[in-house]
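**Q** Fold the following and give me the result.
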Amino acid sequence: AAPAAAPAGAAATAPELTVDKSRSKINALGAKVTGQHDIVFPEFDGKVRLDGETPTSLSFTVQVAALQTSPEKLVTHLKSADFFEVEAHPTATFTSSEIKPLAGQGDNTHEVTGDLTLRGVTKRVTFPARITVTPTDVTGHAQFGITRQDFNIVYKGKADDLIQDNVVLTVDLTAPRA
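**A** Numbers count the residues shown, from 1 in each chain. Reported below is the predicted structural model:
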């Protein structure tokens, strides 16, 4: 049987684990009519809290200004006001408000809900995740879509090469328990 969702105050008192960046990654996939672009966010930090063996909270901060993709001309454009506007909004954050177990959802074990702040706009998001707690690590994998226009990223692209509104985020995090 799956454990019950953690009580509201449990996250504040549970030990905090630090995400190991060398074993973790945060990426996005943007698409347009003629193709797609993988965007890597190599600079981030994150925290996970457990109550015993139950995940109770997750938070991370991404240095959007450090994004990587190719060609270099695209990197410059993504950092501009057309997209992330990194001079005014150099980071993106996520802070969970609830992590609850899922049953019968394939590889996904939990549903995570929280506030995603991107480009100065905060939206509540909910997504399925596979979270595994072992004696040595807590690992999590999630892949979910967001609508870029919800975060004031409204650049349409060229008339013959329009950009899709949906962006797929992939988050793989590992936090050692030692």
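**Q** could you pull out the helices for the chain?
**A** Remark: helices assigned in the chain by DSSP state H are 10-13, 72-79.
**Q** And these, which one averages the lowest pLDDT?
**A** Note on those: helix 10-13 shows the lowest mean pLDDT, a mean of 48.
**Q** can you pull the contacts of the closest residue in space to Arg23 that isn't next to it in sequence?
**A** Leaving aside its chain neighbours, Arg23 sits nearest to Thr174 (4.1 Å; criterion: CB to CB, 6 or more residues apart in numbering). Backbone N, C-alpha and C define where each C-beta goes, glycine included. Neighbour list for Thr174: 19-20, 23-24, 137-140 [criterion: CB atoms under 8 Å, 6 or more residues apart in numbering].
**Q** Derive a PyMOL selection command for the buried subset of the residues you listed.
**A** Applied in PyMOL, the following selects the buried portion of the contacts of Thr174 according to 16 or more other CB atoms under 10 Å:
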select buried, resi 19+24+137+138+139+140
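**Q** Tell me which of the contacts of Thr174 fall in strands.
**A** 137-140 (DSSP state E).
**Q** Include pLDDT when you put the contacts of Thr174 into TSV, please.
**A** Shown next, in TSV, are the contacts of Thr174 (pLDDT from 0 to 100):
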residue	pLDDT
Val19	98
Asp20	98
Arg23	97
Ser24	98
Asp137	96
Val138	97
Thr139	97
Gly140	96
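**Q** and stretch 129-148, how far out from the chain's middle?
**A** The chain centre lies 9 Å from the centre of stretch 129-148; the measure is CA atoms, centre = their mean, to the nearest Å.
**Q** how long is that stretch end to end?
**A** Start-to-end span of stretch 129-148 (CA to CA, to the nearest Å) is 21 Å.
**Q** Could you pull up the residues touching Val167?
**A** For Val167, the contact set (CB under 8 Å, 6+ apart) comprises 28-30, 145-148.
**Q** Ok, Ala28 next?
**A** Ala28 is in contact with 38-39, 41, 167-170, counting by CB under 8 Å, 6+ apart.
**Q** how close does it get to Gln143?
**A** 11 Å (CB to CB, to the nearest Å).
**Q** Mutual contacts of these two, please.
**A** Residues touching both Ala28 and Gln143 by CB under 8 Å, 6+ apart: 168-170.
**Q** Mind putting these into CSV with distance to Val154, pLDDT and neighbour count?
**A** Output for those, formatted as CSV (distance: CB to CB, whole Å; pLDDT from 0 to 100; neighbours: other CB atoms under 10 Å):
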residue, distance to Val154, pLDDT, neighbour count
Val168, 18, 88, 16
Leu169, 18, 93, 21
Thr170, 23, 95, 14
